[in-house]
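Trainee: Okay, structure incoming, though there's no sequence with it:
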């Protein structure tokens, strides 16, 4: 119809130039042509709307991932902006692992960095950080792939008093699942001039302060108060109270007291020697 109206308008234009048809007939032909073109536009819009409606019959996920169980069954009535989701799509590769550290511990780390007690190995946030993170499953099995630190939360959980630290791990085999309990650790800096003392060697006062007994040069036990920074595996990280060469007593405490004679029968220099630039990993869980 539109094509016929266009041809008619062209013929009437030529005829109008030689006064073979009236100007009114020519104007009516042009109006019919424009009306036909408008009808075509309306039909194109209706076709486009139908295509949009057809596309909306399929719900497409904006992310790649795995879909969980459906909350509705086939044939159920669903509407736009409904409160009940159809299902959940979870991204599994890569996957985020959230760790928690106490706000007091994070504050102490920042102070130690500012005072030079901790030498950082690089920035600890952002894409440039590249701080490696390791992961263990609840069974103790180590995850074979290494992740990296993403960011540290800027606010503290008021109820738990903790700060969230997030790491990202590649998960090609979907071994890590959302909600799984795992243990992650990372080292973002090193303590200088510290001592690693076996935890069994450290005793506590009624106030909770730590102290150890060392074997003096005169063969007697000498008590030394120590400052414990944190745990590192089965050892305590001691920052003050010990000197290089001190022989810390690790057994036989039932007979040890200040000034009591002692006899060294074994030396564990590999455990008690000063650890210059020893890395002390923080292990948020």
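Mentor: Looks like it came in fine. Note that the structure is predicted; figures quoted are calculated from it, not measured. Residues are numbered from 1 along each chain as shown.
Trainee: so where's the longest helix in this protein?
Mentor: helix 23-55 (DSSP state H).
Trainee: which helices and strands sit right next to it?
Mentor: Helix 23-55 is packed against helix 2-17, with contacts defined by 3 or more Cβ pairs under 8 Å, 6 or more residues apart in numbering; DSSP states H and E. C-beta coordinates here come from the backbone N, C-alpha and C atoms, glycine included.
Trainee: Can you name every helix or strand that the helix it packs on contacts?
Mentor: Against helix 2-17 (3+ Cβ pairs under 8 Å, 6+ apart) you get helix 23-55.
Trainee: what's the next helix or strand after the helix it packs on packed up against?
Mentor: For helix 23-55, the following helix or strand on the C-terminal side (DSSP states H and E) is strand 66-67. Other helices and strands packing on strand 66-67, by 3+ Cβ pairs under 8 Å, 6+ apart, are strand 89-90.
Trainee: show me what contacts the closest residue to residue 32 other than its chain neighbours?
Mentor: The spatially closest residue to residue 32, leaving aside those adjacent along the chain, is residue 5, at 4.8 Å (Cβ to Cβ, 6 or more residues apart in numbering). By Cβ atoms under 8 Å, 6 or more residues apart in numbering, the residues touching residue 5 are 29, 32-33, 35-37.
Trainee: what about residue 133, how many residues close to it?
Mentor: 22 (other Cβ atoms under 10 Å).
Trainee: Run through the bridge partners of it.
Mentor: When bridges are taken as DSSP bridges, the partners of residue 133 come out as residue 147, residue 186.
Trainee: mind listing what it touches?
Mentor: Shown in contact with residue 133 (Cβ under 8 Å, 6+ apart): 97, 146-149, 167, 169, 184-186.
Trainee: among these, which ones are buried?
Mentor: Neighbour-count burial (16 or more other Cβ atoms under 10 Å) is assigned, among these, to 97, 147-149, 167, 169, 184-186.
Trainee: show me where pLDDT drops low in the stretch 101-250 of the chain?
Mentor: Counting by pLDDT under 70, the ranges of the stretch 101-250 of the chain that qualify are 121-130, 188.
Trainee: What ranges does this protein have for its helices?
Mentor: Using DSSP H, the helices of the chain run over residues 2-17, 23-55, 103-115, 269-272.
Trainee: which residues in the stretch 101-250 of the chain form strands?
Mentor: Ranges of strands within the stretch 101-250 of the chain are 118-120, 132-137, 147-152, 162-169, 182-186, 189-191, 194-198, 203-204, 210-215, 221-232, 235-240, based on DSSP state E, counting those that start in this stretch.
Trainee: Now tabulate the ones you listed in CSV and tack on distance to residue 257.
Mentor: Listed next are these as CSV, based on distance: least, Cβ to Cβ, whole Å:
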stretch, distance to residue 257
strand 118-120, 36
strand 132-137, 41
strand 147-152, 46
strand 162-169, 41
strand 182-186, 38
strand 189-191, 31
strand 194-198, 19
strand 203-204, 11
strand 210-215, 8
strand 221-232, 7
strand 235-240, 21
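Trainee: deepest of those strands, which one?
Mentor: strand 194-198 (a mean of 22; mean count of other Cβ atoms under 10 Å).
Trainee: Adjacent strands (with direction) for that strand?
Mentor: The pairing partners recorded for strand 194-198 under DSSP bridges are strand 235-240 (antiparallel), strand 274-275 (antiparallel).
Trainee: Adding distance to residue 72, write the ones you listed out as CSV.
Mentor: CSV is the format used below for the strands paired with strand 194-198 (distance: least, Cβ to Cβ, whole Å):
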stretch, distance to residue 72
strand 235-240, 55
strand 274-275, 60
